[in-house]
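>>> Here you go, sequence then predicted model.
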Amino acid sequence: MSNCQNPILPRMAFITNIIDETSDTKTFKVEFEGGGKGNFLHEPGQCAMLSIPGVGEAMISITSSPTYKDFLEFTIKRVGRLTNVIHQLEVGDQIGIRGPYGNNFPYKLLEGKDILFIAGGFALAPLRSLINYVLDDEHRKDYGKVDIIYGARSVDDLCFKRELFENWPKRQDTQIYTTIDRAEEGWDGHVAFVPTYLEELQPSPENKYALTCGPPIMIKFVLQNLQKLGYQDDHVITTLEMRMKCGIGKCGRCNIGSKYVCLDGPVFFLDQLKQLPQEY
Amino acid sequence: MKGIEEQIRATSSQLLAAGDVQMVIGYGAGSDNTRTMPVFIKRAEDVGKLVFNPFCVSNLANYLLQWNNFEGKIAIVVKGCDSRSIIRLLQDKQIEREKIIVLGVNCPGQLKSGPAEAKIPVDAVLSEATVDNAGIKLQTSSGPVTFSLEEGLLEKCRQCESSRPVISDYLFGEKGFEADRADLSFNDVAALEDEPLEEKSKYWDKYFERCLRCYACRNSCPACSCRECVFDMVEPDWVAKTVNLSDNTAFHLIRAFHVAGRCTDCGECERVCPAEIPLRVLNRKIIKDIKELFGAPMPGSDLEALPVLSFYSLDDPESQN
Amino acid sequence: MVVYKKITRDNLVQFLQELTKDRILIAPVREHEIVSFSPVADAGQVDFSFQNSFVPPKSWFFPQSEQIFSFRLEEGKYELSTPSLPRGAVLFGVHPCDLKSILALDPVFDGKFDDNYYCDRRKNTIIIGLGCQSVGRNCFCFKVGGGPLESTGADIFLTPAGGDFLAEGLTDQGTDLINKHSRFFSDSSAEQIDKEKREGTDRLLKQPAGLKGDFNLQKVKAFLDANYEIPYWEELSYRCLGCGICTYLCPTCHCFDINDYARSGLEGERIRCWDSCQFKDFTLMAGGHNPRPSKKERVRNRFLHKFKYHEDRYGLFGCVGCGRCVQKCPVNIDPRKIILDLQEVAGNE
């Protein structure tokens, strides 16, 4: 059996940098032996199976933009046994990767359009791959205005602080609206839940797509508010999360109706989502 | 038999109509002549779905665990063997006495579906099945069929301690089936005990090897009342999900010890096992030990008696050492 | 090229014995009252008259537990190695329902991503189908588009005739195998085999009582396409025990779990094993959310998978009518009854 063709056999890669995002979330920069991404070519929004042999495997969204030529990044929250162990890894340690899996954000369709990103907490991670793709020098001209509404429970829970407060605001035609759930000392920014902030900002749906990722309760109210603001279902995009084992449409556990989230998702337009059974 | 069925229906109808219970758990007609299935009747007008015959093999007491948050009272149909499960569930406070009404049946003897179905001519409809010590008689639309107890009776019925329920609020049926040669001796267990160790090991290996770990034995067991089972736990994974002789053996032995003192030999585990593993032998070994070591009766046969493995006495065998 | 031959029972045993020289022979054997597909060294042990094996023959291509890889950690680096490919095999004695089930599994494992473990075995296995000699009380292949002498999916198909067998080489692989061992076979013809199959099917289908009523799977699917929430599923789920019998014995069920086992941090293996959508932890997520939290959703998922989802994805139904779940379900959840019930509900809409 030739290993290179076996889709459920991971390739071992190395961790080359670790950034503490919040108290329970870290971003891991990963490269294959000899440096770079090898032939691992992904598109914004796709995922990969990360694993540690002997511990387990989990589907994680690729948070780095494909425009980063030499490495991949994964932002991982500590939620269980595997992610606990991953959090203990150090630069130079190995981690297994297979993928990329799933569909991607429709970045071609978005060309020439304004884009509204709405994210909560750790779920900025999947959107970040597209944000950095769109804001990349080579692609920026292909897209209209970019607005990012991002919130977290507290300042500590905000991920990607450097990009959020330094890099992104400097980009042309890019507005960042950051908010936290409850006021805290030292924060002079906005205080509101993400759906409420969206309602206050009233971004026009004109020539615009909205992409949203976050906890289910946030998504629920964001979708309601987008509808109130006049966004059409085929202009609203979100991602779904289900338990997965194989990542390639065989192990059977991530189906919603006839769709497998690992193959047909994780990215869905709201009108597609409404066609699916409410079983996610 | 029709009498029992009619009485179950009439009583269920009264209880539901009067609001004395909100659900009746009983047996309904299955997809062929020799099968029944559990039914859950909530309206008096649906009591016609209830049946009773010698193919009501399953122990419905298990469903009381599933419905233990049910708002309202439940009436449940139980045979002699099943009634012991009710007692054990009450003793363990898994169910509340005032929330259930026990519809007891003096059990007419229970039959295996396969052999009986094979006796019934193609396209014939079974109207009645009766069991007595002379044998089994099936009345079918193409005439009567008879065959032997050895061929058709459930093994556990030949080892039945009491066809009469040990607990009931209503009791149906005049007299249950009592086997002439009822075997209460645990000879089956004793025979295996006498085998040399290697033979015993071989005996269990050949069966455990083919276990699929479908967990039907556990899921059908009224004594398996844990909210989260150790075999379902992913973190930590005490027992591997891999199916092999070693992990399968661990599964069955852990389960047998876990239900020790709660197992009433209702036989569901063995009946439901798709791999036909003789699980009753395993559980009966423990019941036999309990009887011999503690002089205790079959678990579930006395509501007032303290469950033997749930209390400590200075006379217990281990106190002597 | 298709060839039409005849083989006596004695010659069939010898033929199979001959095949064991080059290939692993996987065939039905009866052990402790249960028939299973197992590796056979002595072809004399093969059971030719079994009705249905306990576990379906899918387990040859997709074993219940299987190593994905083993690993060693040395000086901070993982060394992964995959198990070696088994040599060529002959899977003998596959009944028509199970033949059809393999065709239903193929597009699952061989899709956008090939599953090497399944596909390698599949490529290296010659399948010899065996027509049924009786139709059991639980059988319903003939109600879901199959039949007791349907040969589709086999490389070689044997139709029982008297005590002997008519043999068709249906694929190049099958025909080559017959030609290579032609001394065991005598000549037959398409006409003779066709006639035997027609008459045999008529004879066999007179046997079963089964459930009365015709199935209209397209009608059931159309109803399921339009009706997701119906009270029927909840009522059905009341009696379901949530065990894995139906899914583990189903010849088209393919769900699996992947788990890692380490003897120490330094070596171990990754294993995949069958899993069941009927188990409550099947879809349970790390954060505690469960998209299919109760038996209602899980029971519905199973039947929709068979009669809708599989069709939606692969263009064929996920039930081949083998009747194993009918036979073994402890609480008589019978897909035949469910189809008839759904047809009735659909008719009343």
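Perfect, I can see it now.
>>> and the stretch 51-200 of chain A, which residues reach chain B?
A:80-81 (C-beta under 8 Å from any C-beta of the partner chain). From N, CA and C alone the C-beta is placed, and that goes for glycine too.
>>> Okay, helices next: where are they in the stretch 51-200 of chain A?
A:81-87, A:124-134, A:161-162, A:168-170, A:194-201 (DSSP state H, counting those that start in this stretch).
>>> Select, out of those helices, the one closest to residue A:182.
For residue A:182, the closest of the helices of the stretch 51-200 of chain A is helix A:194-201, at 12.4 Å, according to C-beta to C-beta.
>>> How about residues contacting the helix or strand following that closest one?
Going down the chain from helix A:194-201, the next helix or strand is strand A:208-213, by DSSP states H and E. Strand A:208-213 is contacted by residues A:105, A:109-110, A:113-120, A:123-127, A:130, A:144, A:203, A:219, A:222-223, A:226, A:231, A:235-239 when judged by C-beta atoms under 8 Å, 6 or more residues apart in numbering or on different chains.
>>> ok, back up a step: of the helices of the stretch 51-200 of chain A, which approaches chain C most closely?
helix A:81-87 (7.8 Å; C-beta to the nearest C-beta).
>>> What is the burial count for residue 87?
Chain wasn't specified; assuming chain A. Neighbourhood size, residue A:87 [other C-beta atoms under 10 Å in any protein chain shown]: 16.
>>> actually it's chain B I care about, not the one you picked
23.
>>> Just the element for it, please.
Going by DSSP H and E, residue B:87 is in helix B:80-91.
>>> I'd like the distance from the helix or strand just after that helix to the chain centre, please.
Later in the chain than helix B:80-91, the nearest helix or strand by DSSP H and E is strand B:100-105. On the basis of C-alpha atoms, centre = their mean, to the nearest Å, strand B:100-105 sits 15 Å off its chain's mean C-alpha point.
>>> Which neighbouring elements make contact with strand B:100-105?
If you count contacts as 3 or more C-beta pairs under 8 Å, 6 or more residues apart in numbering or on different chains; DSSP states H and E, strand B:100-105 packs onto helix B:2-17, strand B:74-78, helix B:80-91, strand B:170-172.
>>> Mean pLDDT and distance to chain C for these - can I get that in TSV?
Below are these laid out as TSV (pLDDT from 0 to 100; distance: least, C-beta to the nearest C-beta, whole Å):
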stretch	mean pLDDT	distance to chain C
helix B:2-17	95	16
strand B:74-78	98	12
helix B:80-91	96	14
strand B:170-172	97	22
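>>> out of those, which comes closest to residue C:33?
helix B:80-91 (24.2 Å).
>>> the inter-axis angle of the closest one versus strand B:100-105?
160 degrees (axes from the mean of the first three to the mean of the last three C-alpha atoms, to 10 degrees).
>>> Could you check the helices and strands packed on strand B:100-105 and tell me which one is nearest chain A?
With C-beta to the nearest C-beta as the yardstick, what comes closest out of the helices and strands packed on strand B:100-105 is strand B:74-78 (29.3 Å).
>>> Which neighbours in the sheet does the closest one have, and how are they oriented?
The strands beside strand B:74-78 in its sheet (DSSP bridges) come out as strand B:23-29 (parallel), strand B:100-105 (parallel).
>>> Please identify the buried residues of that strand?
By neighbour count on 16 or more other C-beta atoms under 10 Å in any protein chain shown, the buried set for strand B:74-78 is B:74-78.
>>> Contacts made by it with the rest, please.
B:8, B:11-12, B:15, B:20-27, B:50, B:52, B:56, B:59-61, B:63-64, B:67, B:85-86, B:99-105, B:165, B:168.
>>> hmm, back to that, quick check: which of the helices and strands packed on strand B:100-105 is nearest to residue A:96?
Judging the helices and strands packed on strand B:100-105 by C-beta to C-beta, what sits closest to residue A:96 is helix B:80-91, at 47.2 Å.
>>> ok now the closest one, how far from the chain's centre?
10 Å.
>>> repeat for stretch C:200-214
Distance, centroid of stretch C:200-214 to centroid of chain: 21 Å (C-alpha atoms, centre = their mean).
>>> what do you get for stretch A:34-45?
16 Å.
>>> and it, anywhere near chain C?
No. Using C-beta under 8 Å from any C-beta, we find that stretch A:34-45 stays clear of chain C, coming within 13.3 Å at best.
>>> End to end on that stretch, go ahead and measure it.
Using C-alpha to C-alpha, to the nearest Å, the end-to-end distance of stretch A:34-45 comes out at 26 Å.
>>> quick one: average pLDDT of that stretch?
On average, the pLDDT along stretch A:34-45 is 91.
>>> Tell me the buried residues in stretch B:159-173?
In stretch B:159-173, counting by 16+ other C-beta under 10 Å, buried: B:159-168, B:170, B:172-173.
>>> So which of the residues you listed is the closest to residue B:141?
residue B:173 (25.0 Å).
>>> so what's that closest one up against?
Residue B:173 neighbours (C-beta under 8 Å, 6+ apart): B:3-4, B:105-108.
>>> Show the buried residues in those residues.
Of the contacts of residue B:173, these count as buried by 16+ other C-beta under 10 Å: B:4, B:105-108.
>>> Pipe those into TSV and attach distance to residue A:271 per row.
Listed next are these as TSV, based on distance: C-beta to C-beta, whole Å:
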residue	distance to residue A:271
B:4	57
B:105	56
B:106	62
B:107	58
B:108	60
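>>> Quick check: the farthest pair among these?
Farthest pair in these, by C-beta to C-beta: B:4 and B:107, 9.6 Å.
>>> picking that back up, of the buried ones among the contacts of residue B:173, closest to residue B:295?
residue B:107 (26.7 Å).
>>> Are we agreed that that closest one is in a strand?
No. Applying DSSP: H, G, I helix; E, B strand; the rest coil, one finds residue B:107 to be coil, outside a strand.
>>> pretty sure residue C:204 is touching residue C:132, no?
Yes. Using C-beta atoms under 8 Å, residue C:204 makes contact with residue C:132 at a distance of 6.4 Å.
>>> So for the two, which residue has more residues nearby?
residue C:132 (25 against 20).
>>> And for residue 190, the neighbour number?
No chain specified, so I'll use chain A. 16.
>>> should've been chain B
Residue B:190: 11 surrounding residues under other C-beta under 10 Å.
>>> Check residue C:21 too.
Residue C:21 has 7 nearby residues by other C-beta under 10 Å.
>>> Need the residue closest to the centroid of chain C.
residue C:251 (2.9 Å; C-alpha atoms, centre = their mean).
>>> quick one: that one from chain B, how far?
14 Å (C-beta to the nearest C-beta, to the nearest Å).
>>> tell me the contacts of that residue?
Residue C:251 sits in contact with C:56-58, C:97-98, C:101-102, C:104-105, C:320, C:322, C:324, where contact means C-beta under 8 Å, 6+ apart.
>>> One more: residue A:11?
Applying C-beta under 8 Å, 6+ apart, the residues near residue A:11 are A:32, A:38, A:40, A:96-98.
>>> Need the phi and psi values for residue A:259.
Backbone geometry at residue A:259, expressed as degrees, to the nearest 10, gives phi -100, psi 140.
>>> ok, the closest residue to it other than its chain neighbours - how many residues close by?
Nearest residue to residue A:259, sequence neighbours excluded (C-beta to C-beta, 6 or more residues apart in numbering or on different chains): residue A:276, at 6.4 Å. For residue A:276, the neighbour count with other C-beta under 10 Å is 19.
>>> now swap in residue C:81 and tell me
13.
>>> Would you mind confirming that it is in contact with residue C:68?
No. Taking C-beta under 8 Å as the definition, residue C:81 is not a contact partner of residue C:68, at 10.6 Å.
>>> Which two among the contacts of residue B:173 are spaced furthest apart?
Longest span within the contacts of residue B:173, C-beta to C-beta: B:3 and B:107, 14.0 Å.
>>> circling back to that earlier point, make JSON lines from the strands paired with strand B:74-78 and add distance to residue C:288 and mean pLDDT to it.
Converted to JSON lines, the strands paired with strand B:74-78 look like this (distance: least, C-beta to C-beta, whole Å; pLDDT from 0 to 100):
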{"stretch": "strand B:23-29", "distance to residue C:288": "30", "mean pLDDT": "97"}
{"stretch": "strand B:100-105", "distance to residue C:288": "32", "mean pLDDT": "98"}
